[in-house]
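# sequence plus the predicted model coming up.
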There are 2 protein chains.
Amino acid sequence: MGQFESSIESYEFDRATALRSDDRAVFHGDVAPGWDILGNANGGYLLAIVGRALSIATGRADCITVTAHYLAPCPAGPIRVEVSPVRAGRRFATATASMVQVDSGKEALRVVATLGDLATDPGGPTAMQDSRPDIVDFDDAWRVSETSINSFAFIHDRLATRADPRDIGFREGRPSGEGLVRGWFDFRDGRPIDSLALLLAADAFPPAVFNLALPTSWVPTVEMTVHVRAIPAPGPVACFFRTRFVQNGLLEEDGEMWDSAGTLVAQSRQLALAPRA
Amino acid sequence: MGQFESSIESYEFDRATALRSDDRAVFHGDVAPGWDILGNANGGYLLAIVGRALSIATGRADCITVTAHYLAPCPAGPIRVEVSPVRAGRRFATATASMVQVDSGKEALRVVATLGDLATDPGGPTAMQDSRPDIVDFDDAWRVSETSINSFAFIHDRLATRADPRDIGFREGRPSGEGLVRGWFDFRDGRPIDSLALLLAADAFPPAVFNLALPTSWVPTVEMTVHVRAIPAPGPVACFFRTRFVQNGLLEEDGEMWDSAGTLVAQSRQLALAPRA
């Protein structure tokens, strides 16, 4: 047990991202079972573990912009996160981090992030050009854990994610033909959605490319960047993921996350390998 | 003079991004004068210098996805780039890099990137959902160096960038009201546009936010990520930059770059601080 520990562990997500450290530089924890897609831990979940280490190491509450390069699939088991400070300014702090699987010695993620404190950030002008995109009402969305997606994406048993019924027929051979996946992110046990949870939300839904009639096989993330734009108001977060350009085996997936008050809380973009038959 | 040098220096961009190194780990060069906006070197130009170091260090031709966190403004003068390898696989190699101003000792950029070789990449499926957005024809676009933008963005004297006339009235008090800046990227001396030049193109135009009636003052980039999606065909590259969400002093700017053959060659996204009066 270390001197610096993440302390709020009454919720499953907090237990599954718990870390201990003696020096706020090297963190020890575990990739928990059950947060996986066919045995490999979800990329957003892994990023949230690293985000927690970055937050403790820099003393800043929120990852404002965080980029992860995914280097190797990561099964459940012990991990080590090493954080190296880069710059600590008044408003922002920048740091790099690396997550290593203890058993294999393999590095799973290399991360660079700039953190801040959104609750006390000095802010500035607002000029929104768009509002929340069209997503079915929460009550009309389907619980992902009760759909055919649950047969491979076991992470949804941990969550209360709901999907727009228009976007989840691909497992039954009915891709929508639009590169969209929309829905609502929430925790099963009522854990509030904070900036750390948004890192998970950014990668918690099935790939939007599955609605483009490509194979529903593995879509390995090469890189994902999340911008946290605000701390969410209470309630589930509306999520909108779109893939526009599948080109020569590479694709982008852009995400928008909006809270119950209609505030943009995060944007994400990942570069991934297109699924193959 | 070092053992490993970038050799093609017949073009101005190559001279301005030239590096020398004895060990392919620490690179020495100069931020050239004239690639600046009011004295601070353009962020895409700085990223291209780092991209060159990353390419030499990893032996891979192209940055496939590169993220830079901007830590301090960088005036002209000597710089040092240190590259640390992370992982070298068959298809991709990942590395981190840091650019330091020699005179001040200040770190200007911290970078993480995954590189590959697009000319020999195994590729994969294509399923494009959109084509090149509406941009005025090259011949009808205005040379930026001959517009009022040239009064502060001196980098355009180095380039043959052209802007869509609909998007550049902001300097004369006529912002378009749409968060768009469109145009064409090209070099004045006919240098071919390769993947390295796309890192420059991704940040070479005035901020799209200037068309939202906010002050045309400094828009400091916090973080920029560029995905290079293809090597451009010969000819100028069509560029499309859009800002949708200015919220509490932070904004994103999304870029798309398309070559003369209609191929998507790069996407970019940056998180920046909104301009203040």
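Thanks, I have it. Keep in mind that what you see is a predicted model, and the values were worked out from it rather than measured.
# can you give me the neighbour number for the one residue in the stretch 151-277 of chain A that gets nearest to chain B?
For the stretch 151-277 of chain A, the residue closest to chain B is A:Gly249, as judged by Cβ to the nearest Cβ, at 2.2 Å. Yep, even glycine has a C-beta here, placed from its N, CA and C like the rest. Residues lying near A:Gly249 (other Cβ atoms under 10 Å in any protein chain shown) number 17.
# give the contact list for A:Arg91.
When contacts are counted by Cβ atoms under 8 Å, 6 or more residues apart in numbering or on different chains, A:Arg91 is found next to A:Gly116, A:Asp121, A:Pro122.
# what does A:Asp36 give?
A:Asn42, A:Pro75, A:Ala76, A:Phe154, A:Ile155.
# try A:Gly124
Neighbours of A:Gly124 in contact, by Cβ under 8 Å, 6+ apart: B:Asn248, B:Gly249, B:Leu250, B:Leu273, B:Ala274, B:Arg276.
# what's the answer for A:Ser176, then?
A:Arg166, A:Asp167, A:Gly169, A:Phe170, A:Asn211.
# mind giving me TSV with those and columns for neighbour count?
Shown next, in TSV, are the contacts of A:Ser176 (neighbours: other Cβ atoms under 10 Å in any protein chain shown):
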residue	neighbour count
A:Arg166	16
A:Asp167	26
A:Gly169	15
A:Phe170	21
A:Asn211	25
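# need the max-distance pair from those.
A:Arg166 and A:Phe170 (11.1 Å; Cβ to Cβ).
# quick one: the helices in the stretch 151-277 of chain A, in order.
Assigned by DSSP state H, counting those that start in this stretch, the stretch 151-277 of chain A shows helices spanning A:195-201.
# next to chain B, which bits of it? Give me the list.
A:178-179, A:209, A:212-214, A:222-223, A:225, A:227, A:229-230, A:243-250, A:252, A:263-264, A:267, A:269, A:271, A:273-276 (Cβ under 8 Å from any Cβ of the partner chain).
# all strands for the stretch 101-250 of chain A, in order.
Counting by DSSP state E, counting those that start in this stretch, the stretch 101-250 of chain A has strands at residues A:107-116, A:127-128, A:142-143, A:162-163, A:180-185, A:221-228, A:237-242, A:245-247, A:250-258.
# filter the contacts of A:Asp36 down to the buried ones, PyMOL style.
Here is the PyMOL selection string for the buried members of these, based on 16 or more other Cβ atoms under 10 Å in any protein chain shown:
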select buried, chain A and resi 42+76+154+155
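# so which of the contacts of A:Arg91 sits lowest on pLDDT?
Ranked by pLDDT, these bottom out at A:Pro122 (91).
# dihedrals phi and psi, A:Leu46?
phi -60, psi -40 (degrees, to the nearest 10).
# so what's it up against?
With Cβ under 8 Å, 6+ apart, A:Leu46 has these contacts: A:Val31, A:Ala68, A:Tyr70, A:Cys74, A:Met99, A:Ala108, A:Leu109.
# pLDDT value on it, please?
Looking at A:Leu46, the pLDDT reads 98.
# same question for the one 3 residues further on.
Note on A:Ile49: pLDDT of 98.
# let me see the contact set for it.
Counted by Cβ under 8 Å, 6+ apart, A:Ile49 has contacts A:Thr17, A:Leu19, A:Gly29, A:Val31, A:Ile79, A:Val81, A:Met99.
# so can I have a markdown table of the contacts of A:Ser176 showing distance to B:Met128 and pLDDT?
Output for those, formatted as a markdown table (distance: Cβ to Cβ, whole Å; pLDDT from 0 to 100):
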| residue | distance to B:Met128 | pLDDT |
| --- | --- | --- |
| A:Arg166 | 22 | 95 |
| A:Asp167 | 20 | 95 |
| A:Gly169 | 22 | 90 |
| A:Phe170 | 19 | 89 |
| A:Asn211 | 15 | 96 |
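# next one: phi and psi at the residue in the stretch 1-150 of chain A positioned nearest to chain B?
Of all residues in the stretch 1-150 of chain A, A:Gly124 sits closest to chain B, at 2.2 Å by Cβ to the nearest Cβ. Main-chain torsions, A:Gly124, degrees, to the nearest 10: phi 160, psi -160.
# with A:Leu71 instead?
phi -110, psi -30.
# measure how buried it is and give me the count.
21.
# what's the spacing between it and A:Trp258?
31 Å (Cβ to Cβ, to the nearest Å).
# A helix includes A:Ala57, no?
Yes. Under DSSP: H, G, I helix; E, B strand; the rest coil, A:Ala57 sits within a helix.
# in this structure it contacts A:Leu19, no?
No. Using Cβ atoms under 8 Å, A:Ala57 makes no contact with A:Leu19, being 10.0 Å away.
# for the residue nearest to A:Val102 when sequence neighbours are not counted, name its beta-bridge partners.
The shortest distance from A:Val102 to any non-neighbouring residue, by Cβ to Cβ, 6 or more residues apart in numbering or on different chains, is to A:Pro78 (4.1 Å). When bridges are called by DSSP bridges, A:Pro78 pairs up with A:Asp30.
# A:Pro78: what's it in contact with?
A:His28, A:Gly29, A:Asp30, A:Val31, A:Gln101, A:Val102, A:Asp103.
# tell me, what's the model's pLDDT at it?
98.
# what's the neighbour count on A:Pro165?
14.
# OK, contacts around it?
So A:Pro165 contacts A:Val136, A:Asp140, A:Ala141, A:Trp142 (Cβ under 8 Å, 6+ apart).
# ok so, going back, nearest residue to the residue of the stretch 151-277 of chain A closest to chain B in space, ignoring adjacent ones along the chain?
In space, A:Gly249 is closest to B:Gly124, 2.2 Å off (Cβ to Cβ, 6+ apart).
# look at the one you found and report its pLDDT.
Looking at B:Gly124, the pLDDT reads 94.
# can you check A:Phe154 too?
pLDDT, read off for A:Phe154, is 80.
# wait, it sits on A:Ile37?
Yes. Between A:Phe154 and A:Ile37 there is a contact under Cβ under 8 Å: 7.1 Å.
# shaky segments in chain A?
A:1-9 (pLDDT under 70).
# closest to the centroid, which residue in it?
A:Leu200 (2.5 Å; Cα atoms, centre = their mean).
# select only the buried ones of the residues of the stretch 151-277 of chain A next to chain B in PyMOL?
Buried members of these can be picked out in PyMOL with the line below, counting by 16+ other Cβ under 10 Å:
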select buried, chain A and resi 179+209+212+214+222+223+225+227+229+230+243+244+245+246+247+248+249+250+252+263+264+267+269+271+273+274+275
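# what sits in contact with each of A:Ala57 and A:Leu19?
Joint contacts of A:Ala57 and A:Leu19 (Cβ under 8 Å, 6+ apart) are A:Phe27.
# ok, back up a step: which one of the contacts of A:Ser176 sits closest to A:Phe205?
Looking across the contacts of A:Ser176 and measuring by Cβ to Cβ, the closest to A:Phe205 is A:Asp167, at 8.7 Å.
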